[in-house]
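[1] one predicted model, sequence on top.
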Amino acid sequence: MNNTMSKKLYIFLSTIVASVMMSSCVSRGNNAGWEYAPDMYYSKGYEPYSQVDSNKINPYGMNMREPVPGTIAIGKLDYQFGLENNGDGYEASIDLKAPTNLSYSDGQGKHLFEIYCVVCHGKLGNNDGEVFKKVPTLKPGAWKAYTDTYIRELPQGKIYHTLTYGKNNMGSHASVLTPSERWKVIDYVKQLSRQVVPSAPQMDIPPSSEANKTTLTN
Ligand code: HEC
């Protein structure tokens, strides 16, 4: 083998070795790549949500145990929602009643509404939020605003079902609103539905809710 040949072979082999080395450093998928001092990244103690090695004591090798079947954690009773995420569950939710032991006048309903709902339904529930303005096809077809008879007469339980599971283009809010917070927001929705709408014909307000008319200011 002459000198140029062995030089070429040397370059060829070192290119292969270098590319293998470099690609093994890359982290992708479940491969974290080469790590320097892994103890700095991985806790030696058990972490509930992460585990490097399978836990040898708990079932399924998990660090955090599943709750015992049929038990409810302390303080989480109201998270139990027996109704299913389907039409039957929605209809059955009519019987749900708002808890009476909540403070509805603490302004939390309005506060949460302005965080989670205005983007679509608008500040006063007129369905003129930024999302609905940009994508009008997302808007509910059957009713224009919370002041429509539909929302005014909608049973609170049905709204609770909608907030819990979502409905058509509206997603579930169960992960961002606790059950108590959902009831407070529903109370605020009902307040908005009773607001006096100057432009709306008087007939729009059914006699049953005349007594409850509310004037809301921004
Ligand atoms: C991404 C936009 C979006 C957001 C955010 C949103 N909604 Fe909706 N909402 C909708 C749409 C669309 C509908 C119509 C669903 C349908 O097709 O009946 C709806 C329906 C409703 C209804 C009628 C429910 C029923 O049972 O018919 C109520 C009440 C309501 N929303 C309240 C809220 C409240 C309160 C929040 C905040 C916690 C909220 N929405 C957040 C889009 C949204």
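    Structure received. Residues are numbered from 1 along each chain as shown.
[2] quick one: low-confidence parts of this protein?
    1-2, 24-28, 197-218 (pLDDT under 70).
[3] contact residues of it facing the ligand?
    Within the chain, the residues that sit near the ligand (Cβ under 6 Å from any ligand atom) are 113, 116-117, 119-121, 131, 138, 140, 151, 154, 158-159, 162-163, 167-170, 173, 185, 189. In this view, the C-beta of every residue, glycine as well, is placed from N, C-alpha and C.
[4] if we use 5 Å, what do you get?
    Taking Cβ under 5 Å from any ligand atom as the measure of proximity, the chain contacts the ligand at 116-117, 120, 140, 158-159, 162, 167-170, 173, 185.
[5] which of these are buried? Put it as a ChimeraX command.
    Of the residues of the chain next to the ligand, the buried ones can be selected in ChimeraX as follows, counting by 16 or more other Cβ atoms under 10 Å:
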select :116,117,120,140,158,159,162,167,173,185
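[6] redo the residues of the chain next to the ligand as JSON lines? Include secondary structure.
    Shown next, in JSON lines, are the residues of the chain next to the ligand (DSSP: H, G, I helix; E, B strand; the rest coil):
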{"residue": "Tyr116", "secondary structure": "helix"}
{"residue": "Cys117", "secondary structure": "coil"}
{"residue": "Cys120", "secondary structure": "helix"}
{"residue": "Pro140", "secondary structure": "coil"}
{"residue": "Lys158", "secondary structure": "helix"}
{"residue": "Ile159", "secondary structure": "helix"}
{"residue": "Thr162", "secondary structure": "helix"}
{"residue": "Lys167", "secondary structure": "strand"}
{"residue": "Asn168", "secondary structure": "coil"}
{"residue": "Asn169", "secondary structure": "coil"}
{"residue": "Met170", "secondary structure": "strand"}
{"residue": "His173", "secondary structure": "coil"}
{"residue": "Val185", "secondary structure": "helix"}
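[7] off-centre distance for the longest helix seen in the chain?
    Determined from DSSP state H, the single longest helix within the chain is helix 3-25. Relative to the chain's own centre, helix 3-25 is displaced by 52 Å; criterion: Cα atoms, centre = their mean, to the nearest Å.
[8] please save the CA atoms from the helix or strand following it in CSV.
    Helices and strands here follow DSSP states H and E; after helix 3-25, the next one along the chain is helix 87-92. Extracted in CSV, the C-alpha atoms of helix 87-92 (Å, rounded to 0.1, in the frame of the first residue of the first chain):
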residue,chain,number,x,y,z
GLY,A,87,-76.0,13.3,25.8
ASP,A,88,-77.6,11.2,28.6
GLY,A,89,-75.2,12.6,31.2
TYR,A,90,-75.9,16.1,29.9
GLU,A,91,-79.7,15.7,30.1
ALA,A,92,-79.3,14.1,33.6
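[9] redo the residues of the chain next to the ligand as TSV? Include distance to Ala18.
    Below are the residues of the chain next to the ligand laid out as TSV (distance: Cβ to Cβ, whole Å):
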residue	distance to Ala18
Tyr116	53
Cys117	57
Cys120	54
Pro140	60
Lys158	65
Ile159	63
Thr162	59
Lys167	57
Asn168	56
Asn169	53
Met170	55
His173	53
Val185	60
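[10] rewinding a little: tell me which residues in the longest helix of the chain are buried?
    Of the residues in helix 3-25, none count as buried by neighbour count, 16+ other Cβ under 10 Å.
[11] put the alpha carbons of that helix into CSV.
    What follows is helix 3-25, C-alpha atoms only, in CSV (Å, rounded to 0.1, in the frame of the first residue of the first chain):
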residue,chain,number,x,y,z
ASN,A,3,1.5,6.5,1.0
THR,A,4,-1.4,8.3,-0.7
MET,A,5,-3.6,5.2,-0.4
SER,A,6,-3.0,4.8,3.3
LYS,A,7,-3.6,8.6,3.8
LYS,A,8,-7.0,8.2,2.0
LEU,A,9,-7.9,5.1,4.1
TYR,A,10,-6.9,7.1,7.2
ILE,A,11,-9.2,10.0,6.3
PHE,A,12,-12.0,7.6,5.4
LEU,A,13,-11.8,5.7,8.6
SER,A,14,-11.5,8.8,10.8
THR,A,15,-14.5,10.3,9.1
ILE,A,16,-16.6,7.2,10.0
VAL,A,17,-15.3,7.2,13.6
ALA,A,18,-16.0,10.9,14.0
SER,A,19,-19.5,10.7,12.6
VAL,A,20,-20.3,7.7,14.9
MET,A,21,-19.0,9.5,17.9
MET,A,22,-20.9,12.7,17.1
SER,A,23,-24.2,11.0,16.4
SER,A,24,-24.0,9.1,19.7
CYS,A,25,-23.8,12.4,21.6
